[in-house]
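*Asks:* Show me how the following folds:
(2 chains)
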Amino acid sequence: MNTAGDAWEPVARAIGSPALSDGPRGPSGGFGAKNAADTLADQARLPRGGGAARWEPLGMSVTPALDLRGIEKSFGSVKVLHDVAFSAYPGEVTALVGDNGAGKTTLIKCIGGIHQFDAGEYRFEGRPVRVGSPREATRLGIEIVHQDLALCENLDIVQNLFLGREQRRGLTLDESAMEELARTTLSGLAVRTMGSVRRRVATLSGGQRQTVAIARAVLWDSKVVILDEPAAALGIAQTQQVLEVVRRLADKGLAVVLISHNMNDVFAVSDRIAALYLGRTVAQVRTADITHRQVVELITSGVSGDLGLRR
Amino acid sequence: MMKGGPSQEDIRRHNLGTLLRFVHLRGPASRATLAESLGLNRSTIMALTADLTGAGLVREELPRGPGRRAGRPSLVVRPESTRVYVLAFEVGVDRLVVARVGLGGVILDRREGVRARDSDSGELLSVLVAGARSLVRKAERGAVCVGATLGFPGTVRRSDDTIMFGPNLDIGELRLGDALSRRLGLGIPVSVCNDANLGALAEHERGAGVGCDNLIYLHGDVGVGGGIIAHGRLLGGDEGFGGEIGHMIINPGGRRCACGSKGCLEAEVGERTLLAHAGREEIPDQAGRDAVRDVVAAADAGDIVAREALHRVGTWLGLGVANLVNVFNPGLVIFGGTLRDIYLGAAAQIRSVLATGALAAPREKVKLRTAALGDDTTLVGAAEFAFAEVLADPVQVLTRLRAPEDTTV
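*Replies:* Residues are numbered from 1 along each chain as shown, chains lettered A, B, ... in the order given. Modelled structure (predicted):
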């Protein structure tokens, strides 16, 4: 029930300040260090420009976890991505939207090291990196949850979470430590309905499987989690749960990239929306500054009012 | 203006409350963690813990699980969850819940009942009393009930807990809190609070709003309620009636509201309206959360009537949120009850209206979230409210509550 976590601030610092004890409301805010930091952050953000296409982070850190510029990719003579820019910030959900064939999947496969870019700049937490293989992406802290989830039906939840990365104690597997970590990770995602972590994946519902796949992605101190259509095959109740899990991941400080065709899902959880149209980035905007209609126009025509491709 | 400094006794009481509140909200903590987090030295922590242990509020034990650090482990201070508890009541239009909640916020036990929409206040009282009695009977021997609070979907006067108005649940002249307290005979008063205000409290203390001191909680049941937390405190207004977001007029001359006005947020986005838009208001046995969820599910499956209904409701909800964002500049807006389902099902419309309707500056950083406590927001809030007194002055309250027990047993 208690979502606990890092968001807690110390309940009281000052000794002997009776103001805290009056009334039912507890920690009274006050003028602690947190508020001062907020004020500074606000000031730093204020003078920036106006308009709908502003592009600064909502969180404290200004450095994007993922920052790609001028990305080019061709398969033989087929050009798939052209001059693509894409950023994802820690603590935020960035929705990646676009029509079928717009290049979303190719882009995330390149981010995850499955394909290599032909040209372009790839920065991870501000440093230029070269991601030559999925293993290198994993080492950086980039995890992708693919549509097919890639779970083993005949194994239980713990075995799936640690598949290929089992923890050992001496010569044997450290089952109790893995179980404990599985439990804390799942409860951190606020999953109350899972039951035992020793249940076989075959017995889980679609939403629960999706959650296991997401848990596996966040187990390893990952920094960026990319979810490809996580709610595509789910019923409404499960979709809602997965959306809340997605949101919680970002609220814990991860940079989350969400690929979805469902505009309600995109608007329900995202902080930013990046739209691809025919292999090009046509907009990267804050969700707070854009309407459903504009996003649909960007997806279908690559342009909406001032946003999108210059013609 | 100058006030004398707090007395030694004030400081001690304050520190006891602070320590107890810490383990109540954050869970068991080692003495070392407490010392660090509260900014007190370890010997003070030890003395405070001894006082709280003596009063039966906390206990100390060795940390569980394998110790990883070298040296003598710091003792862990745990709240006495099963021995110190409160009763939390949630009165909804369709459902009644009573829970025994232990120190630390653990829901130890609960009873749920349905309420017929045409039942009277006498029945309501009997069901609540029966539920509470069966919970108290199950409590561990020597456990002490330190408070009780009831969440009610209506306007409640702060000074005497009088229910002034419940548009969807009429209980007549009944003083619910007093009547309940008398019938229970536990020697503790039962506070009555607006349900959505308690929801705001709960989400702020234990839910999606932890760490955010300016938030707005919107609760959908039959009607729409709200709670506003500003500077970490519930905004009650002059008499405690504040936060009635559901009766903010957003569509002058719009649909008639149960309060007598027209075009209130509640009238435009409440359960009856959604069901009417979806052409489902005539179906018998179709009401409450499940009916709302059915509309959202139908919309998700592609039903155009349900989609249109959600779209219309989403537009008004977005407009309401835009007004709130402009007026209060909240860091967080939380959707609970049936509004969780409506938000997730109509987010594109809600946020589109927000994007065009709210000022850019307050809109930029506001986060929209669903309630982390799910269907228990009111209940958890009621429990937190009921714990307030013991957290403010732990040892005194416990001594007072235990005293009559010693004389009678």
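*Asks:* which sections of the stretch 151-300 of chain B are below the confidence cut-off?
*Replies:* Residues of the stretch 151-300 of chain B meeting the criterion pLDDT under 70: B:282-287.
*Asks:* and it, which of its residues are near chain A?
*Replies:* Within the stretch 151-300 of chain B, the positions near chain A by CB under 8 Å from any CB of the partner chain are B:201, B:205-208, B:210-211, B:213, B:231-234, B:293, B:296-297, B:300. For glycine as for every other residue, the C-beta is placed from the backbone atoms N, C-alpha and C.
*Asks:* List buried residues within the residues you listed.
*Replies:* Buried members of those, counted by 16 or more other CB atoms under 10 Å in any protein chain shown: B:201, B:205-208, B:210, B:213, B:232-234, B:293, B:296-297, B:300.
*Asks:* So which of those sit within helices?
*Replies:* B:Leu201, B:Glu205, B:Arg206, B:Arg293, B:Val296, B:Ala297, B:Asp300 (DSSP state H).
*Asks:* contact partners of whichever strand or helix holds B:Gly131?
*Replies:* With elements taken from DSSP states H and E, the one containing B:Gly131 is helix B:121-138. Residues outside helix B:121-138 that contact it (CB atoms under 8 Å, 6 or more residues apart in numbering or on different chains) are B:87, B:89, B:91, B:96, B:98-100, B:109-111, B:113, B:115, B:145, B:148, B:150, B:171-172, B:174, B:176, B:179-180, B:183-184, B:186.
*Asks:* again, 6 Å this time
*Replies:* Identification of contacts with helix B:121-138 by CB atoms under 6 Å, 6 or more residues apart in numbering or on different chains yields B:87, B:89, B:96, B:98, B:100, B:109, B:111, B:113, B:171-172, B:174, B:179, B:183-184.
*Asks:* what do you get for stretch A:102-117?
*Replies:* So stretch A:102-117 is in contact with A:71, A:73, A:80-81, A:96, A:98, A:131, A:133-134, A:136-137, A:144, A:226, A:259, A:276-277, A:279, going by CB under 6 Å, 6+ apart.
*Asks:* ends of that stretch, how far apart?
*Replies:* 16 Å (CA to CA, to the nearest Å).
*Asks:* mean confidence for that stretch?
*Replies:* Averaged across stretch A:102-117, the pLDDT comes to 93.
*Asks:* sorry, back to before: pipe the buried ones among the residues of the stretch 151-300 of chain B next to chain A into TSV and attach distance to A:Arg200 per row.
*Replies:* Listed next are those as TSV, based on distance: CB to CB, whole Å:
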residue	distance to A:Arg200
B:Leu201	41
B:Glu205	37
B:Arg206	33
B:Gly207	32
B:Ala208	32
B:Val210	35
B:Asp213	44
B:Gly232	46
B:Arg233	49
B:Leu234	46
B:Arg293	29
B:Val296	31
B:Ala297	28
B:Asp300	29
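*Asks:* Looking at the residues you listed, which one is closest to B:Thr399?
*Replies:* Within these, proximity to B:Thr399 (CB to CB) peaks at B:Glu205, which comes in at 25.7 Å.
*Asks:* Please give me every residue in contact with that closest one.
*Replies:* Contact analysis of B:Glu205 by CB under 6 Å, 6+ apart lists B:Glu384.
*Asks:* re the thing from before, with just CA atoms, put the helix holding B:Gly131 into CSV.
*Replies:* Extracted in CSV, the C-alpha atoms of helix B:121-138 (Å, rounded to 0.1, in the frame of the first residue of the first chain):
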residue,chain,number,x,y,z
SER,B,121,-30.1,6.6,7.6
GLY,B,122,-31.1,4.1,10.4
GLU,B,123,-30.0,1.2,8.2
LEU,B,124,-26.8,2.9,7.3
LEU,B,125,-25.9,3.4,11.0
SER,B,126,-26.7,-0.2,11.9
VAL,B,127,-24.6,-1.6,9.1
LEU,B,128,-21.7,0.6,10.1
VAL,B,129,-22.0,-0.3,13.8
ALA,B,130,-22.2,-4.0,13.0
GLY,B,131,-19.1,-3.9,10.8
ALA,B,132,-17.1,-1.9,13.3
ARG,B,133,-18.1,-4.2,16.2
SER,B,134,-17.0,-7.3,14.4
LEU,B,135,-13.7,-5.6,13.6
VAL,B,136,-13.1,-4.6,17.2
ARG,B,137,-14.0,-8.1,18.4
LYS,B,138,-11.3,-9.5,16.2
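*Asks:* if we can go back for a sec, hmm, which of the contacts of stretch A:102-117 are the buried ones?
*Replies:* A:71, A:73, A:80-81, A:96, A:98, A:131, A:137, A:144, A:226, A:259, A:276-277, A:279.
*Asks:* Restricted to strands, list the residues you listed.
*Replies:* Under the assignment DSSP state E, those contribute A:Ile71, A:Lys73, A:Val80, A:Leu81, A:Leu96, A:Gly98, A:Ile144, A:Ile226, A:Ile259, A:Leu276, A:Tyr277 to strands.
*Asks:* For these, which two are the farthest from each other?
*Replies:* Distance extremes for these: the farthest pair is A:Ile144 and A:Tyr277 at 22.6 Å, using CB to CB.
*Asks:* number of nearby residues for B:Asp238?
*Replies:* Residues lying near B:Asp238 (other CB atoms under 10 Å in any protein chain shown) number 7.
*Asks:* sec struct for it, please.
*Replies:* What DSSP: H, G, I helix; E, B strand; the rest coil gives for B:Asp238 is coil.
*Asks:* Ok, the one 5 residues further on next?
*Replies:* Under three-state DSSP, the three-state class of B:Gly243 is coil.
*Asks:* Would you mind confirming that it makes contact with B:Gly227?
*Replies:* Yes. If you go by CB atoms under 6 Å, B:Gly243 and B:Gly227 touch, sitting 5.1 Å apart.
*Asks:* neighbour count winner among these two?
*Replies:* Taking other CB under 10 Å, B:Gly243 and B:Gly227 do not tie; B:Gly227 has more neighbours (32 against 22).
*Asks:* and that one, what element?
*Replies:* Secondary structure from DSSP H and E places B:Gly227 in strand B:224-230.
*Asks:* tell me which parts of the stretch 151-300 of chain A are close to chain B?
*Replies:* Counting by CB under 6 Å from any CB of the partner chain, the stretch 151-300 of chain A comes close to chain B at A:Ile236, A:Gln240, A:Glu244, A:Met263, A:Asn264, A:Phe267, A:Ala268, A:Ala288, A:Asp289, A:Ile290, A:Thr291, A:His292.
*Asks:* would you turn those into TSV with secondary structure and pLDDT?
*Replies:* Below are these laid out as TSV (DSSP: H, G, I helix; E, B strand; the rest coil; pLDDT from 0 to 100):
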residue	secondary structure	pLDDT
A:Ile236	helix	87
A:Gln240	helix	90
A:Glu244	helix	91
A:Met263	helix	94
A:Asn264	helix	93
A:Phe267	helix	97
A:Ala268	helix	96
A:Ala288	helix	94
A:Asp289	helix	93
A:Ile290	coil	95
A:Thr291	coil	95
A:His292	helix	95
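*Asks:* What is the most widely separated pair among those?
*Replies:* Spanning the widest gap among those are A:Ile236 and A:Asp289, at 28.3 Å by CB to CB.
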